[in-house]
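1. sequence first, then the predicted structure, then my questions.
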Amino acid sequence: MTLSQRLLILGLALCLGVGQLQAQTKRTAPPESLNGLRPGTLTLDDLTAKMGKPDMVQTGGMLELYGGPADSEAYGWFMIDNPGYTVPDLAVETARGSDRVDLVMAIGFDGLKTEKGITCFMTEREMLDAYGKPDFVFAVPMQGFTLREFYYINQGISFDVAPLGPGSAERQVIAIYVTYPEYLKDAVALRHTYISEGIGRDITTSYLPGTNT
C-alpha cells in the first residue's frame, strides 16, 4: 500500500465529518481478533509487553467513526521498517484515560490475520469466501476511487476494500478493524446518517446471492 492510500484511509473520518451517534454502553468482546489481539480483553500494558513502546501516540483517531467515543487516544506500531510511512501498520485505540483497547486495526499490513485467516492485500473474493454475505456495505468516493466498507456486526469486524489500481475491476482488502459488535451496530447507523445527507451509498444488496458485484 502506498503512503497516499494509507493517509486516505485515515482521512476518511475527515471526509465524513464528526460522528453524530453516541455509542452504546454495553460492550461485548468480539469473536474476531487480529493475531489474537481482541478488544475488550486486551490492555495497553498487554500490548506494550508484547510489542514494546508504541511508535506513535496521538489524541483521537478512528474510534468514533467505528461506533466508539469521540474522546479517544490512538497508539501505533510500525511492523516494517520504511521511513516513508507515517501511518502505522498496527494501531489500537482506547477511550481517553482508559487502558482497555476498544479498537484494533491493521492498516496496509499483511502480517496481521483475522480468525478466518484474512489479511490486508487479500482479494475481496477471498474475504467474501471466508465471511460470507456482509451485514452492510457502504461505498464512499475517495480521491480517484470508491472505498467499500464491509461490516460483519456480530463478528465485530469491518474491512476496507479498494480497487487494485486505477480502472481495475478487482478489489483488495486495504484495512481491517476489529471492535465490539455494539460499536459496529452504531457505526452502521452512522453510515446511514451519512447516506441521508448525500454522502456515500448503501450497496449491501449488490452482495446478495446471484448478483454481480
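-> Alright, I've got the coordinates.
2. and the next helix or strand past the helix or strand of the chain with the lowest mean pLDDT?
-> Scoring the helices and strands of the chain by mean pLDDT, DSSP states H and E places helix 3-16 at the bottom, with a mean of 47. Next along the chain after helix 3-16, taking DSSP states H and E as the criterion, comes helix 44-51.
3. wait, what's in contact with the residue lying closest to residue 79 once chain neighbours are set aside?
-> Distances taken as C-beta to C-beta, 6 or more residues apart in numbering place residue 89 nearest to residue 79, at 4.0 Å, with adjacent residues excluded. Bear in mind the C-beta positions are built from the backbone N, C-alpha and C, glycine included. By C-beta atoms under 8 Å, 6 or more residues apart in numbering, residue 89 lies in contact with 76, 77, 78, 79, 80, 106, 107, 108, 109, 111, 112.
4. at 7 Å what do you get?
-> Taking C-beta atoms under 7 Å, 6 or more residues apart in numbering, we find residue 89 in contact with 77, 78, 79, 80, 106, 107, 108, 109.
5. ok, the spatially most central residue of the chain to residue 112 distance?
-> Among the residues of the chain, the one closest to the centroid is residue 177, at 3.0 Å (C-alpha atoms, centre = their mean). Residue 177 sits 11 Å away from residue 112 when distances are taken as C-beta to C-beta, to the nearest Å.
6. and for residue 180, the neighbour number?
-> Residue 180 has 24 neighbouring residues, counting by other C-beta atoms under 10 Å.
7. over to residue 66?
-> Neighbour count of residue 66, defined by other C-beta under 10 Å: 26.
8. excluding covalently adjacent residues, which one is nearest to it?
-> residue 187 (4.9 Å).
9. equivalent analysis for residue 110, please.
-> residue 119 (4.3 Å).
10. ok, now which ones touch that neighbour?
-> Shown in contact with residue 119 (C-beta under 7 Å, 6+ apart): 110, 112, 113.
11. the second one touches residue 32, doesn't it?
-> No: because the distance of 11.6 Å does not satisfy C-beta atoms under 7 Å, residue 112 is recorded as not touching residue 32.
12. circling back to that earlier point, give the full set of residues in contact with the residue nearest to residue 66.
-> Applying C-beta under 7 Å, 6+ apart to residue 187 gives the contacts 65, 66, 67.
13. where in the protein is pLDDT low?
-> By pLDDT under 70, the weakly predicted segments of the chain are 1-25, 82-85, 210-213.
14. tell me where it has strands.
-> Here the chain has its strands, by DSSP state E, at 56-59, 72-77, 90-95, 101-107, 136-141, 146-152, 157-163, 171-178, 201-202.
15. give the contact list for residue 208.
-> Residue 208 makes contacts with residue 133, as judged by C-beta under 7 Å, 6+ apart.
16. so it versus residue 41, what's the distance?
-> 34 Å.
17. how about residue 60?
-> Applying C-beta to C-beta, the value for residue 60 to residue 41 is 24 Å.
18. burial count for residue 178?
-> Close neighbours of residue 178, defined as other C-beta under 10 Å, add up to 30.
19. hey, what's it bridged with?
-> Assessed by DSSP bridges, residue 178 has beta-bridge partners residue 104, residue 157.
20. one step back: just the buried subset of the contacts of residue 89, written out for ChimeraX, thanks.
-> Provided next is the ChimeraX selection string for whichever of those are buried by 16 or more other C-beta atoms under 10 Å:
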select :77,78,79,106,107,108,109
